[in-house]
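Sequence and predicted structure, then a few things I'm wondering about:
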Number of protein chains: 2
Amino acid sequence: MIHDFIYDIPVRVYFGRDQLKNLGPELRKYGTRVLMTYGGGSIKRTGLYDKVVREIRGAGLELFELSGIAPNPRIDSVREGARMCKEHNIDVLLAVGGGSTIDATKFMAAGACVDFDPWDFFDLEKWAPIEKALPIVSILTLSATGSEMDCGGVISNPETNDKIGRMEPLTLLPKASFLDPSNTFTVSAYQTACGSSDILSHIFEVYFNMDQDMYMLDCFMEGLMKTVIKYAPIAIREPENYEARANLMWTSSWAINGFVDGGKRQAWSCHPMEHELSAFYDITHGLGLAILTPRWMEYCLDETTVSKYVQFGTNVFGIDPQLPPMEIAHKAIDALSGFLFGTLGLKRTLPEVGIDRTHFATMARKAVQGGTLKGFKPLKQADVEAIYEMCMK
Amino acid sequence: MIHDFIYDIPVRVYFGRDQLKNLGPELRKYGTRVLMTYGGGSIKRTGLYDKVVREIRGAGLELFELSGIAPNPRIDSVREGARMCKEHNIDVLLAVGGGSTIDATKFMAAGACVDFDPWDFFDLEKWAPIEKALPIVSILTLSATGSEMDCGGVISNPETNDKIGRMEPLTLLPKASFLDPSNTFTVSAYQTACGSSDILSHIFEVYFNMDQDMYMLDCFMEGLMKTVIKYAPIAIREPENYEARANLMWTSSWAINGFVDGGKRQAWSCHPMEHELSAFYDITHGLGLAILTPRWMEYCLDETTVSKYVQFGTNVFGIDPQLPPMEIAHKAIDALSGFLFGTLGLKRTLPEVGIDRTHFATMARKAVQGGTLKGFKPLKQADVEAIYEMCMK
C-alpha cells in the first residue's frame, strides 16, 4: 500500500546565471540586518563574494559576516553564528556555500531563537525542540547535499566524535535558494566526484528500500541517477560546461528535497554508516559514501531483495533484462563500482583513505545508537562492522 | 543554453486516503466562511459530499455552496461564484471536483476581488489584471488537468464560442489540495481514458519542443509518460486499484505544475487547437487532444525534429535504437496511436465525435488569434487547418 504523505516544499528557487538581481528584494522581505555566512574564502577568489556584497549593499541592507565554516561543520560555528544573530539583532541569514555552510546556518538560525547551547538540538538525550528559526536564504556553490531545498542538516562535535543530523520541516527550510550553475565551475574534479557520489547516495537510500514504491517516483529517481551518471564525468572533464553543472545542480536539490520519498518511511543505511567515518576521520562525506555503497549493496543482495537490483540494473545501466536476476544484480553493482572508482576516480577502500580497523566496533555501535537501521535490509552493529570490513579491500 | 527560471510551487498537497482530517484546520487558516463549489452532484452519490460537509461543520466553519459547474466550465458559473463571494463575504473557496470545478473556482476567487465582469480577465483586448484572489483549496476527484497544483484555468464563453486559458502564479495557485486516489475510483473508463490523454498531452507540449532541454527533466517527463502508459489501462480494468489511481493522480499534478518546464519558453500546440474543438462542439478536452496529438506529431516530423521522436520512441516505448531515425519516429507515433485508440479505446477521428469541416477555417483562425503557435514547429492558420483535416480519417 502506498502511504499517505504531505507534500510541502515552499522554497523559492532562483535558477540560472542572471538571478542575483533578485537577492536584495528577496532578503528585504525579512528585514534589513543580514548575517552572511561562508566557508574558507573560495567565494572571495571566485568573485562571488564581491557580487553578493554589492547586491546586499545596493539594496540598502546592513551586512554582518561569519566566515570559516568548515566541511563537516562544527557545533562551534553554530554557536558563534547564533551568538552573532543575538548580538546584532539579525533579521535574516544568508548562507553562501555548499551543504556544510547551509547546514550550519540553519542551526545558527534556530540557535538564535533559544537561550540554551545549540548542541542540545543534537544531544540524543535532550533533542531540544526547534520551534522557531530566523529566515534563511542560500546561494549554492556545490552540488551535493541538497541542503538548499531541504529542511535538515548534519553537525559535528569533535569533542565527542559525534556527527548528527536533524530535520525540521516547519522551521529549517530555506525561504529561497539561488542556484547558479556557473558558481560551481570552480569546483575541483575531486569535489565534483564526491558531490556526485553524495547525490547518488541520497537517491539510493530511498530507491533501495522494501517499503512501498510509487512507480512514478521510481522512474524519477532512475532519471536522476542517469543524469548524474551522464553529467558528472562531463563536469569533471569540462568544469565550465554549463549544461552539465546545471543538470547536476538541479538533480542535487531534487534527490533529497522530499519529493522522491512519496510517503515512504524508510530508514537510511549508508548515511549513518558514513557519518561515523567522517566523524572519526573527517573524510569527505561523498567519498565515504562511495566506498560504502557498493559493499552495502552486495551485503543486502539476496532472493528477497534482488528484484530491486534488477530494476536498477536494467533501467539505469541498460543491462539485458533477459539475464538471470542475480547476474543482473551483480552486473549492476559492478557498473556502479566502475562509475564511482573508475569514471569518477574515487578511492575504493578504507585503507586508501587512511582508515583502519581501530574504530570499527565503536563506529558501528554509534551508527546504530538510534536503533537497528531499518532500511533496505535491517542492519545491526555486527552488520555495519561486516560492511566496514568489506571496505578493507 | 538552458534558460534561467524561478521555481516556486508553494501548494501544500495532502496525498492519500486519510487526509480529510486536515481539511478543517487548513480552511481555518484563511477564515471561517467557506464557499464550496462542485459539479453535477456525483460527489453526493459517492459520499464525498457528506464527508466534506462533516469536516467543515466539525471545524465550526460556515458553509455556502455553489453547484452545477459544468465540464468546459462557463463564464456564467464564474460570475455566479464571484457574486456569492461578495454577497456572503466569503473567506476561502473550496473546489471539490476535477479540473473544470477547480478552474472555475480560481476565477471566482479573482472575480470576488474586482468590480467588473470576470469575462474581462479573458477578453483578449482587455486582459484585465488579476492582482488579488481569495484563497483557494481543492479536493481533487479526477486526474487530468493538474489544476490542483497549477496557477491556471480555462473558461468558456458559449455566446462567443471562446475558450480561453490564463495563468497567474501570484494569485491563482491553490493554497492546498487534497489528493485522495480513492476519490477517483468511480471515474468511468471513458473519463479515465480522457484524463490520461490530457496528462500525456501536458507532457508532450513541453517535451516535444525545440527550445533548450534539460536532460534531468526530459528523463522525468519520460517517467511520467511511462507511468500513464502503465497505469491508465489498469485503472480502466480495475477502477478501484489504488496503486494505479495514485500513480495517475500524482502524475497529473506533476505533468503541469511547472517543474517540467525548467525555464523552457515553449508555446503549446495541441491545447490551443483542441480548445477550439471543445469551444465549438463541447467535446471532452482529453478526447480532442487524443485525436489531434498523433496527427500533430506526424505533421511536425521532419529531419530537424526527428531526434526528439527517437528519444521518445526508444525511452518511452522501448523501440530498438538501432533502427533508422525516421522509422523509429513512425513506430513511436504508431505506438502512441495504438495506446490512445486501442488500449484506451478513444475515438480516432473527428467525424466519429460528430465534427465535420464546417468550422475548420474559423477554429483554425481562432486557434492562432494570439499569433503563430510557436511550439515544436511553428503553426499558422493553414497548418492548423491541415492538422484538423488529417483528423478526418
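Arrived safely. Note that the coordinates shown come from a computational prediction; the quantities given were computed from them, not determined experimentally.

State the distance from A:L140 to A:G286.
Distance from A:L140 to A:G286, counting by CB to CB, to the nearest Å: 15 Å. Yep, even glycine has a C-beta here, placed from its N, CA and C like the rest.

The two: which is more packed in?
Neighbour tally, A:L140 and A:G286, criterion other CB atoms under 10 Å in any protein chain shown: the higher count belongs to A:L140, 31 against 27.

Not counting sequence-adjacent ones, nearest residue to the more buried one?
Nearest residue to A:L140, sequence neighbours excluded (CB to CB, 6 or more residues apart in numbering or on different chains): A:E148, at 4.6 Å.

before we move on, what about A:G370?
Excluding the flanking residues, the one nearest A:G370 by CB to CB, 6+ apart is A:L124, at 7.1 Å.

can you tell me which residues contact that neighbour?
With contact taken as CB atoms under 8 Å, 6 or more residues apart in numbering or on different chains, A:L124 is in contact with A:164, A:369-370.

Which one of these is nearest to chain B?
Chain B lies nearest to A:G370 out of the contacts of A:L124, by CB to the nearest CB, at 26.5 Å.

Contact residues of the stretch 1-150 of chain A facing chain B?
A:1-10, A:12-19, A:22 (CB under 8 Å from any CB of the partner chain).

which residues of chain A fall in strands?
A:5-7, A:12-15, A:33-37, A:62-66, A:92-97, A:136-140, A:152-157, A:162-167, A:176-179, A:373-374, A:378-379 (DSSP state E).

can you put those strands in TSV and add mean pLDDT and distance to A:S253?
Output for those, formatted as TSV (pLDDT from 0 to 100; distance: least, CB to CB, whole Å):
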stretch	mean pLDDT	distance to A:S253
strand A:5-7	96	15
strand A:12-15	98	7
strand A:33-37	98	19
strand A:62-66	98	24
strand A:92-97	98	14
strand A:136-140	98	8
strand A:152-157	94	13
strand A:162-167	90	15
strand A:176-179	98	7
strand A:373-374	92	25
strand A:378-379	95	28
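
Dump those strands to JSON lines, plus distance to B:A176.
What follows is the strands of chain A, written out as JSON lines (distance: least, CB to CB, whole Å):
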{"stretch": "strand A:5-7", "distance to B:A176": "9"}
{"stretch": "strand A:12-15", "distance to B:A176": "18"}
{"stretch": "strand A:33-37", "distance to B:A176": "31"}
{"stretch": "strand A:62-66", "distance to B:A176": "36"}
{"stretch": "strand A:92-97", "distance to B:A176": "26"}
{"stretch": "strand A:136-140", "distance to B:A176": "23"}
{"stretch": "strand A:152-157", "distance to B:A176": "23"}
{"stretch": "strand A:162-167", "distance to B:A176": "21"}
{"stretch": "strand A:176-179", "distance to B:A176": "21"}
{"stretch": "strand A:373-374", "distance to B:A176": "31"}
{"stretch": "strand A:378-379", "distance to B:A176": "36"}
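
Could you tell me the end-to-end distance of stretch A:249-261?
One end of stretch A:249-261 to the other measures 19 Å (CA to CA, to the nearest Å).

Which residues does that stretch contact?
A:5, A:7, A:9, A:11, A:13, A:15, A:140, A:143-146, A:148-151, A:177, A:179, A:181, A:184, A:195, A:198-200, A:202-203, A:206-207, A:217, A:220-221, A:224, A:227-228, B:214, B:216-217, B:262.

Which ones among the residues you listed lie within helices?
Applying DSSP state H to these, the entries found in helices are A:195, A:198-200, A:202-203, A:206-207, A:217, A:220-221, A:224, A:227-228, B:216-217.

where does whatever residue of the stretch 51-200 of chain A ends up closest to chain B land on pLDDT?
Closest contact between the stretch 51-200 of chain A and chain B, by CB to the nearest CB, is at A:P181 (8.0 Å). You'll see A:P181 listed with a pLDDT of 98.

what does A:N247 give?
Reported pLDDT for A:N247: 98.

got it, and A:F317?
On pLDDT, A:F317 comes in at 98.

One more: the one 4 residues further on?
Model confidence at A:P321, expressed as pLDDT, equals 96.

just A:K331 next, same as before
pLDDT, A:K331: 98.

Let's see stretch A:120-140 as PDB, backbone CA atoms only.
Coordinates of each C-alpha in stretch A:120-140 appear next as PDB, following Å, rounded to 0.1, in the frame of the first residue of the first chain:
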ATOM      1  CA  ASP A 120      21.200  20.500  22.800                       C
ATOM      2  CA  PHE A 121      19.500  20.200  19.400                       C
ATOM      3  CA  PHE A 122      21.700  17.200  18.600                       C
ATOM      4  CA  ASP A 123      22.200  15.600  22.000                       C
ATOM      5  CA  LEU A 124      20.200  12.400  21.600                       C
ATOM      6  CA  GLU A 125      19.100  12.500  25.200                       C
ATOM      7  CA  LYS A 126      17.900  16.100  25.100                       C
ATOM      8  CA  TRP A 127      16.800  16.600  21.500                       C
ATOM      9  CA  ALA A 128      15.700  20.100  22.300                       C
ATOM     10  CA  PRO A 129      12.700  21.300  20.300                       C
ATOM     11  CA  ILE A 130      13.300  23.600  17.300                       C
ATOM     12  CA  GLU A 131      10.100  25.700  17.400                       C
ATOM     13  CA  LYS A 132      11.500  28.800  15.700                       C
ATOM     14  CA  ALA A 133      14.300  29.900  13.500                       C
ATOM     15  CA  LEU A 134      15.300  33.100  11.700                       C
ATOM     16  CA  PRO A 135      14.600  33.100   8.000                       C
ATOM     17  CA  ILE A 136      17.400  31.500   5.900                       C
ATOM     18  CA  VAL A 137      18.300  32.200   2.200                       C
ATOM     19  CA  SER A 138      21.100  30.300   0.500                       C
ATOM     20  CA  ILE A 139      23.400  30.800  -2.500                       C
ATOM     21  CA  LEU A 140      24.700  27.400  -3.500                       C
END
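
For it, list every residue counted as buried.
The neighbour-count check on stretch A:120-140 (16 or more other CB atoms under 10 Å in any protein chain shown) flags A:121-122, A:130, A:133-140 as buried.

For the residues you listed, work out which two are farthest apart.
Within the buried residues of stretch A:120-140, two members stand farthest from each other by CB to CB: A:F122 and A:I139, at 25.4 Å.

The spatially most central residue of chain A and A:K366: what is the separation?
Centroid check for chain A by CA atoms, centre = their mean gives A:T145 as the closest residue, at 2.2 Å. Per CB to CB, A:T145 is found 21 Å from A:K366.
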